[in-house]
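Trainee: sequence and predicted model, in that order:
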Amino acid sequence: MSGFVEKPEPLQVPGLVHLHTGKVRDLYQNEAGDLVMVASDRISAFDWVLQTEIPDKGRVLTQLSLWWFDQLADLAPNHVLSTELPPGAPADWAGRTLICKSLRMMPVECVARGYLTGSGLTEYNATRTVCGLALPEGLTDGSELPAPIFTPATKAAVGEHDENVSYEEVARQVGAESAAELRQATLAVYSRARDIARDRGIILADTKFEFGYESTPDGETLILADEVLTPDSSRFWPAEEWEPGHAQPSFDKQFVRDWLTSAASGWVRASEQPPPPLPQIVTDATRAKYIEAYERLTGISWS
């Protein structure tokens, strides 16, 4: 069993209809039919959404996504319409709220990998492939791949695992033309972001995107949606510490994972018991790591 340790009740805002409470984001619809995405400070680990929040996390994710959307505007149009607060919304939503286009979303996580780690490493060690793509012998944890690869995954519900799937399965689900368009867009956006991050001393090991189609008079246009290139959706490694052969230090929730799996937490991952609250030292360290990623990538001071 997994999911929310304690699922929050959605706020009721005049003029907005609550649609969904996700691991991090709450989704509403306004009277014009646009989507209102609110990034919370919730954090998840091991398929659990923890009861302890990370202060400023929602704002960091939102502001970093906006910065990346600007960097990628010539490659991929995005879903953002406005960053203004909806009338009647609580002041706490400032800086964490996006008004977005309502799209026909693709039912797939579009994952790009430039380095081998995580579930890709597990599959490689067993079969020398990732999502059915053959890779050279001799790769290890943290190895750079010969070229970036598209390794899609299913979209899992809260409390469940995403599962890697083959390109052929994506084509079966969404059609050959859309599958090809998703692969091309994913690899183009990843390559641009990898180069930008590298110039700032950060390795973008892998990331996942979500895309949807917007109807236009001339047909449908592929749109980059949700969050993009944040520590929640990407593996960012400090380039100066990169050393293949073992797990790399990263700009994400690693402090949370490490504490939960340590004796100090008292939590047994294999049990059906929810994880305990995080201690302040872990919360503070995680917040600092998210902010460091934002500042190193954007060059903008958070404070």
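Mentor: Good, I have the coordinates.
Trainee: can you give me the neighbour number for the closest residue to residue 71 other than its chain neighbours?
Mentor: Counting by CB to CB, 6 or more residues apart in numbering, residue 196 is the residue found nearest to residue 71 once chain neighbours are left out, at 6.0 Å. Any C-beta I mention is one placed from the backbone N, CA and C, and that applies to glycine too. Residue 196 has 16 neighbours, counted by other CB atoms under 10 Å.
Trainee: how about the helices in the stretch 201-303 of the chain?
Mentor: Under the criterion DSSP state H, counting those that start in this stretch, the stretch 201-303 of the chain contains helices at 254-260, 280-298.
Trainee: can you redo those as JSON lines with mean pLDDT and distance to residue 24?
Mentor: Formatted as JSON lines, the helices of the stretch 201-303 of the chain follow (pLDDT from 0 to 100; distance: least, CB to CB, whole Å):
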{"stretch": "helix 254-260", "mean pLDDT": "92", "distance to residue 24": "13"}
{"stretch": "helix 280-298", "mean pLDDT": "96", "distance to residue 24": "12"}
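Trainee: give me phi/psi at residue 53?
Mentor: With angles defined as degrees, to the nearest 10, residue 53 sits at phi -100, psi 160.
Trainee: list the contacts for the nearest residue to it once chain neighbours are set aside?
Mentor: Distances taken as CB to CB, 6+ apart put residue 41 closest to residue 53, at 3.8 Å, once the chain neighbours are dropped. Counting by CB atoms under 8 Å, 6 or more residues apart in numbering, residue 41 touches 53, 54, 55, 56, 57, 58.
Trainee: look at residue 41 and report its pLDDT.
Mentor: pLDDT, residue 41: 97.
Trainee: and the residue nearest to residue 71, how far from residue 72?
Mentor: 9 Å (CB to CB, to the nearest Å).
Trainee: what's the residue closest to the geometric middle of this structure?
Mentor: Centroid check for the chain by CA atoms, centre = their mean gives residue 233 as the closest residue, at 1.9 Å.
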